[in-house]
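In: need a structure here:
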Amino acid sequence: MNIDPTQALPKARKYCAYQERSQQEVRDKLYSWGLHRRDVEQTIALLITENYLSEERFAIAYAGGKFRMKEWGRIKIKQALKLKKVSDYCIRKALGEIDSRAYSKTLAKLIEKKGKEVKEKNPLKKNYKVAQYAISRGFEPELVWEILRGDE
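Out: This next block holds a predicted model:
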């Protein structure tokens, strides 16, 4: 679908107002509408000026949502934000917004739940499987093993 830049701005405003977006998501959307590089960058600059688009706001909302809803760890959230081409500053800011106590509590709950599901008699093998699961969810290995050992 090809639209001209004057039609793109109101459409992009709606797109950004619906939910927080990364600059890259908006950039991709504008290109999909057939806009050229100069028009895309101009539109993005306008959206930022009008406060429809904020990379920092997006990163914080994204990180908080993935942590609360999907119980992702910081490592997985960081990787996902990097894939969305979010700046390192915004990633650090977003990860800093995650409450440490809630983070540890969520990890402990995840480990406990997985521990009940794993049907392994050998305690070492069981802990290893539980740890691998938690690490695959993006939690830091040191923290996972700390909780598994009971060093909290």
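In: residue ranges of the helices in this structure, please?
Out: 5-18, 23-32, 37-49, 55-70, 74-83, 88-96, 100-117, 123-136, 141-149 (DSSP state H).
In: let me know the angle separating the second one from helix 55-70.
Out: Spelled out, it's helix 23-32. Angle of helix 23-32 versus helix 55-70, following axes from the mean of the first three to the mean of the last three Cα atoms, to 10 degrees, is 100 degrees.
In: pLDDT (mean, whole number) over helix 23-32?
Out: Across helix 23-32, pLDDT averages out at 96.
In: how does the chain divide up, domain by domain?
Out: 5-49, 56-96, 100-149 (automatic domain parsing).
In: I'd like those domains laid out as a markdown table, including mean neighbour count.
Out: (C-beta placed from N, C-alpha, C; glycine too.) Compiled in a markdown table, these are given as follows (neighbours: other Cβ atoms under 10 Å):
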| stretch | mean neighbour count |
| --- | --- |
| domain 5-49 | 16 |
| domain 56-96 | 17 |
| domain 100-149 | 14 |
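In: what's the pLDDT at the residue nearest to residue 91 when sequence neighbours are not counted?
Out: Leaving aside its chain neighbours, residue 91 sits nearest to residue 81 (4.9 Å; criterion: Cβ to Cβ, 6 or more residues apart in numbering). Per-residue confidence (pLDDT) for residue 81: 97.
In: show me the contacts for residue 81.
Out: 59, 62, 63, 90, 91, 94 (Cβ atoms under 8 Å, 6 or more residues apart in numbering).
In: now swap in residue 54 and tell me
Out: Residue 54 is in contact with 20, 48, counting by Cβ under 8 Å, 6+ apart.
In: ok, now how distant is it from residue 116?
Out: Per Cβ to Cβ, to the nearest Å, residue 54 is found 41 Å from residue 116.
In: do residue 124 as well
Out: For residue 124, the distance to residue 116 (Cβ to Cβ) stands at 17 Å.
In: for residue 27, same thing?
Out: 45 Å.
In: go on, residue 148?
Out: To residue 116, residue 148 is 14 Å away according to Cβ to Cβ.
In: same question for residue 50.
Out: Taking Cβ to Cβ as the measure, residue 50 falls 50 Å from residue 116.
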